[in-house]
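Engineer: Show me how the following folds:
(chains A and B)
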Amino acid sequence: NAGVTQTPKFRILKIGQSMTLQCAQDMNHNYMYWYRQDPGMGLKLIYYSVGAGITDKGEVPNGYNVSRSTTEDFPLRLELAAPSQTSVYFCASSYSTRGLTSGVRREAQYFGPGTRLTVL
Amino acid sequence: KNQVEQSPQSLIILEGKNCTLQCNYTVSPFSNLRWYKQDTGRGPVSLTIMTFSENTKSNGRYTATLDADTKQSSLHITASQLSDSASYICVVSGIYGGSQGNLIFGKGTKLSVKP
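Structural biologist: Sure, this is the predicted structure:
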């Protein structure tokens, strides 16, 4: 298994440009996530998906869009790049089941290698 | 407010020594606590996951402990190796908070192991 793959690894954008960060997983995980990690800070959730066709906002969704047309792929779209979006972006996936009494049970997340994005 | 605080922020130890990293959290109600290792330039990798009923869990030279009453966890690394140099991230999951389960990430402890 390749696990979670992300492309590209590095990208430099000009202000106002758009791009799509690709993420794919081959573990048949139902949950997928996009995080950003700023220097010296913890990971912050941008968007997540609980299955194909279902997406929802995380903590910092502004300026981003996602889609989940298949179980395997979860691309992240930046429409009008801004310097504040300079960050390292991580995609992750996990397999989650709903416990009888404890709500959603979540197994370990598997992270991709990250995409380092700079907006100038 | 749900928070995860890690200490120390950074740590330098000599190869072969032991060390302990701390994690305090205020997430409630609590579901599980995870420790991840993040090598420079890479995504985090899961080390351990503990639910409220588990006090300790080991993964090789890594041993995590959890005190759900005091809302504290520690990660103990035994006989450190140069490859242990990384950031160690504590992540706490709440029961509620929608389908994402309210995963709260700490800022991490940056560990440097010197020869």
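
Engineer: Just grab the bridge partners of residue 87 for me.
Structural biologist: You didn't say which chain, so I picked chain A. A:L117 (DSSP bridges).

Engineer: you looked at the wrong chain, it should be chain B
Structural biologist: B:Q38, B:K110.

Engineer: which residues of chain B fall in strands?
Structural biologist: For chain B, the strands defined by DSSP state E occupy B:4-7, B:10-14, B:19-25, B:30-38, B:45-51, B:56-59, B:62-67, B:72-77, B:86-94, B:103-105, B:109-114.

Engineer: and those, which one's lowest on average pLDDT?
Structural biologist: When the strands of chain B are ranked by mean pLDDT, strand B:103-105 comes last with a mean of 84.

Engineer: follow-up on the earlier one: distance to A:R77 for the strands of chain B - can I get that in a markdown table?
Structural biologist: Backbone N, C-alpha and C define where each C-beta goes, glycine included. Below are the strands of chain B laid out as a markdown table (distance: least, CB to CB, whole Å):
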| stretch | distance to A:R77 |
| --- | --- |
| strand B:4-7 | 29 |
| strand B:10-14 | 35 |
| strand B:19-25 | 33 |
| strand B:30-38 | 25 |
| strand B:45-51 | 27 |
| strand B:56-59 | 36 |
| strand B:62-67 | 37 |
| strand B:72-77 | 36 |
| strand B:86-94 | 26 |
| strand B:103-105 | 23 |
| strand B:109-114 | 32 |
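
Engineer: Output stretch B:62-76 in PDB with nothing but the alpha carbons.
Structural biologist: Coordinates of the C-alpha atoms in stretch B:62-76 are reproduced here as PDB (Å, rounded to 0.1, in the frame of the first residue of the first chain):
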ATOM      1  CA  TYR B  62       8.000   4.600  23.700                       C
ATOM      2  CA  THR B  63       5.700   4.300  26.700                       C
ATOM      3  CA  ALA B  64       2.700   6.600  27.100                       C
ATOM      4  CA  THR B  65       0.800   7.100  30.400                       C
ATOM      5  CA  LEU B  66      -2.600   8.600  31.000                       C
ATOM      6  CA  ASP B  67      -4.200  10.000  34.100                       C
ATOM      7  CA  ALA B  68      -7.800  10.800  33.100                       C
ATOM      8  CA  ASP B  69      -8.600  12.200  36.500                       C
ATOM      9  CA  THR B  70      -5.900  14.900  36.400                       C
ATOM     10  CA  LYS B  71      -6.100  15.200  32.600                       C
ATOM     11  CA  GLN B  72      -2.400  14.500  32.100                       C
ATOM     12  CA  SER B  73      -0.400  12.300  29.900                       C
ATOM     13  CA  SER B  74       3.300  11.600  29.500                       C
ATOM     14  CA  LEU B  75       5.400  10.000  26.800                       C
ATOM     15  CA  HIS B  76       8.500   8.300  28.100                       C
END
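
Engineer: With that, I have no additional questions.
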